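Student: Here you go, sequence then predicted model.
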Amino acid sequence: MTTPSGPVTWVVVSAAPPAVRIHELLAQLRTDPRLVVVATTPTAASWIDEAQVRPFTAWPVRSTPRSHDEPKIHPEPNLVVAAPLTFNTINKWAAGINDNPALNVLNEALGARIPIIAAPVTNAALAAHPAFARSLDILASAGVRLTTTNAIVSASPTDPYNWQPVLDLIREGTHTAYIDKCAHPSRQHLARTRRSGHRSEHKNSKRPLR
Ligand SMILES: Cc1cc2nc3c(=O)[nH]c(=O)nc-3n(C[C@H](O)[C@H](O)[C@H](O)COP(=O)(O)O)c2cc1C
């Protein structure tokens, strides 16, 4: 397949409820399907109806690991949008764990300094776990543009998901300054913490959660 000129967006989906309506975000990207790739965690793969995703991406959904002799067929990303992003995947990503295709996209994009936008979704109990704020801090420090936690979840469970905060970050421009030039961000974060003796504040750490 020929890929038209233009930025390629990868949408990375993990298993929080907005995943089942990811086709709504894909529709709102208003992008040529050849410029959109979807990757999911194994759990999210079982939540998504591929038939609903299919009109918005010309590429097979990447939900299983590539085998050792399988060629790369998907175009390389120019922008990665992680939405929704679970507690589990946030913590694994910040720690550099790479045990599924979605994490592989996120980790490689971070290392390659490809612009990344992420929309965390989690409940109040998990958000209060100390690892959560630490992970968001690591990712934000590495240049990931985060919506506030649960920004895409509407106030009422019957309302549609609100993809606007993600679209706003996409439209705002994704040329974030990546602060360090080398090493995985978890190590950069540790180094900075040791140097400064304190942890930086992040907007997500103060937001009240539903
Ligand atoms: C109905 C349901 C709703 C869930 N909602 C959330 C959520 O909003 N945020 C979250 O972090 N995990 C949520 N979880 C838990 C995740 O699905 C679970 O931690 C899973 O292992 C995440 O896997 P992944 O990060 O690899 O996609 C939910 C689970 C279920 C069954």
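Tutor: Ah, there it is. Numbering: from 1, shown residues only.
Student: Quick check: the gap between the spatially most central residue of the chain and the ligand.
Tutor: Nearest to the mean C-alpha position of the chain, counting by Cα atoms, centre = their mean, stands residue 82 at 1.9 Å. From residue 82 over to the ligand the distance is 10 Å, taken as Cβ to the nearest ligand atom, to the nearest Å. (Glycine included, C-beta is placed from N, CA and C.)
Student: helix, strand or coil for that residue?
Tutor: Here residue 82 is recorded as strand under DSSP: H, G, I helix; E, B strand; the rest coil.
Student: so what's residue 38 up against?
Tutor: The contact partners of residue 38, taken as Cβ atoms under 8 Å, 6 or more residues apart in numbering, are 10, 11, 13, 22, 26, 53, 57, 59, 61, 62.
Student: In JSON lines: those residues, plus pLDDT.
Tutor: Output for the contacts of residue 38, formatted as JSON lines (pLDDT from 0 to 100):
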{"residue": "10", "pLDDT": "98"}
{"residue": "11", "pLDDT": "98"}
{"residue": "13", "pLDDT": "98"}
{"residue": "22", "pLDDT": "97"}
{"residue": "26", "pLDDT": "98"}
{"residue": "53", "pLDDT": "98"}
{"residue": "57", "pLDDT": "98"}
{"residue": "59", "pLDDT": "97"}
{"residue": "61", "pLDDT": "97"}
{"residue": "62", "pLDDT": "96"}
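Student: between the residues you listed, which is nearest the ligand?
Tutor: Using Cβ to the nearest ligand atom, residue 13 comes nearest to the ligand of the contacts of residue 38, at 7.8 Å.
Student: Quick check: that closest one touching residue 22?
Tutor: Yes - between residue 13 and residue 22 there is a contact at 5.2 Å, judged by Cβ atoms under 8 Å.
Student: Return the residues of the chain in contact with the ligand.
Tutor: Contact residues, the chain versus the ligand (Cβ under 6 Å from any ligand atom): 14-17, 41, 43-44, 86-89, 121-123, 126.
Student: do that again at 8 Å, thanks
Tutor: Taking Cβ under 8 Å from any ligand atom, the part of the chain that reaches the ligand is made up of 13-17, 19, 40-44, 84-90, 92, 100, 102-103, 120-123, 126, 153.
Student: out of these, which are buried?
Tutor: Neighbour counting with 16 or more other Cβ atoms under 10 Å marks 13-16, 19, 40-41, 43-44, 84-90, 92, 100, 102-103, 120-122, 126, 153 as buried within the residues of the chain next to the ligand.
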